[in-house]
Structures are given as structure tokens and as C-alpha cells.
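Trainee: predicted model and sequence below, questions to follow.
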Amino acid sequence: MPRQELEYPKEPNNTVKRYPEKGKALIIPPFSPHSLTKLPSTAKYELETIHRIINSSQIVHVAFNAPNGEGFPSILPMIGQMGSYSRPSADLGDPLDLYLHGYVSSRIISLGRSSSSSESSEGLPVSISAAFVDGLVLSLTPNSHSYNFRSAVIFGNATLVTDPQEKLYAMELVTNGVAPQRWQKSRTPPSPGEMASTSILRVKIKNGSAKVRTGGPSDAKEDMEDLEMRSKVWAGVIPVYQTLGEAIPAEYNLAGDKVPDYLEEWRKEENEDAKVYAKDVGARPYVKVKKSAEEDE
């Protein structure tokens, strides 16, 4: 059955404690210049923010407990996408699972397989993070320097996907997360050998949080009143954004030197959206939100 909760429960591992204002009202959707002026705070919007940050990241970092008493938790860079096999039409503001793509014999896949075979286990406990830097925030004093950024952390339990149709759904989801329409525009379905060598973990999310900073520098009152220093020290934001470069055909490519329109149009749109977002949030005044009485506790 699909999950219906429209917000992740607040627990110690997903409660923003340091600079809590960055975990609340300053959340805005990344790479979405058409909605930069709207800051809704509904539960559905908070889910969308967390899921969008995860989906926008080419790599997510997945942490899990190391087996055999090795003494250190393990962490892996992996490719993943949020989605819902039971409700394919669900959007980013709905409850979703995270699908992780891995090689069949990798350690995390083996641990997920073992957890899936145990009737008493919910799955392998994992923590997943993703983050973007959107600007270098340069203040009057080093202590007030910061980044404009977006970050998300989610916690859940990973189990191995065994249903062939759900596995194909997840493989398509992950492939199109690399570049839209890529699954449909490449040789599919995967061969039996490709299916056998690839495994998918489904992470059922228990909770998560997002932390976002936008705006310009924020300095102490006494520094702001020092006009002489302000006339000598430049303060402001240097926007940071990823740029997708011009495509390079493979040595064996026979499909022509011209890059397909679906890829070139997507590349240009991604670059423009990233630039607009970073510059827009850097030009905003920094707004510090006061903590509520509940947060003070």
C-alpha cells in the first residue's frame, strides 16, 4: 500500500537545531525561476523540497553500519531517484521511496538482500544526503562568511527490489534522472545479462529534513555601523552554479555529430535555470527567522 503521510515526523535525527531558520521559511525549490517569489510552508511543499534536492543531485551519499565490527560506518556515493512504483503519477510533494542503483555483488546490495530475506527486519538502516552550494557569501568579517546552499538528509530502510517490473521501473527512473528521456532514446530493454548484474535497493523513508540558506551577507550591528571599514571591505555574494558543457560525441558514435535536440534543449535549460536561481537568491536580503517557543525547548 502507498504511504499517505504528507510530512516526515520530527525526531532528533532530522530536527534542524543550529540556525533553524535555514530549515524552515527559507526553503525554495531549486532550479525553478518561475516560482522564486512564492514561499509556501505546507507539509506537501516541505516534502517536495527534500525530494527535489535529492533528485537534483547526480550523486547521493549513502551511509550504513559496517558489518563485522569494523568500527567505522561505511558511506558510498550512489545514483538514486525518488519515485513510487505503486503510484507512478505521484509528484515530488507526495510520499515517495528512494531507488538506489548498484552492482549485484556490492556490499550494500548484499546487506540489503540479507535484510530483505529476514521476516523480522524492516531492511538495512541507511542515511542519505545531498547538497548544493549556490553562492559564496562574503561578509565584512571572516566569522560571518557563509554559503548559500541547499541540503537534504533522509533516513530509511533499504530492501532489495525483487519484482522484475518494479526493477525495470526503477532502472528507467534512475536513467531518466541522469538525462530526461534517455531511457526511451537508448537501447532498451536491458539484456538478461544487464538485468542480472544490476540490483536496485528501495529505501522506505522514515523521516528527513532540508536546510537551505538564501540571501546576501549578514553582519553584526557594530560592524554595520563602522562606515570606514565598510568603505574598505567588499561584501556581497559570488553566485555558484553547475554548467553542463557542450556534448562530445563518442569515438564510435555513428548517429551524427549533431547533438539530439532533446539533450541540447535540456542542457541549455538546466544551465539557464541554475544561473538564474543562484543569482536570484544571492541578490536577496538575508532574512533571519526568529525561533518559536517550541524550537527553543
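Mentor: Okay, I see it.
Trainee: nearest spatial neighbour of residue 53, chain-adjacent residues omitted?
Mentor: residue 152 (3.9 Å; C-beta to C-beta, 6 or more residues apart in numbering). To be clear about C-beta, it is placed using only N, CA and C from the backbone, and glycine gets the same treatment.
Trainee: mind listing what's buried along stretch 123-138?
Mentor: Neighbour counts over stretch 123-138 (16 or more other C-beta atoms under 10 Å) mark 123-130, 132, 134-135, 137-138 as buried.
Trainee: now do the contacts for the residue nearest to residue 53.
Mentor: 49-50, 53-54, 129-131, 208-211 (C-beta atoms under 8 Å, 6 or more residues apart in numbering).
Trainee: also residue 158?
Mentor: Here residue 158 is in contact with 64, 100, 108, 112, 115, 123-126, 201-203 (C-beta under 8 Å, 6+ apart).
Trainee: and it, that one's in a strand?
Mentor: Yes - counting by DSSP: H, G, I helix; E, B strand; the rest coil, residue 158 is part of a strand.
Trainee: and the pLDDT at it?
Mentor: Looking at residue 158, its pLDDT stands at 96.
Trainee: so residue 110: helix, strand or coil?
Mentor: Three-state call for residue 110 (three-state DSSP): helix.
Trainee: count the residues that sit near it.
Mentor: 16 (other C-beta atoms under 10 Å).
Trainee: ok, now residue 143?
Mentor: If we define neighbours as other C-beta under 10 Å, then residue 143 has 9 of them.
Trainee: repeat that for residue 103.
Mentor: Other residues near residue 103 come to 11 when the count uses other C-beta under 10 Å.
Trainee: that one against residue 200, yeah?
Mentor: No - judged on C-beta atoms under 8 Å, residue 103 makes no contact with residue 200 at a distance of 11.1 Å.
Trainee: chain center to the host helix or strand of residue 208: distance?
Mentor: For residue 208, the host element (DSSP states H and E) is strand 198-213. In terms of C-alpha atoms, centre = their mean, to the nearest Å, the centre of strand 198-213 is set 9 Å apart from its chain centre.
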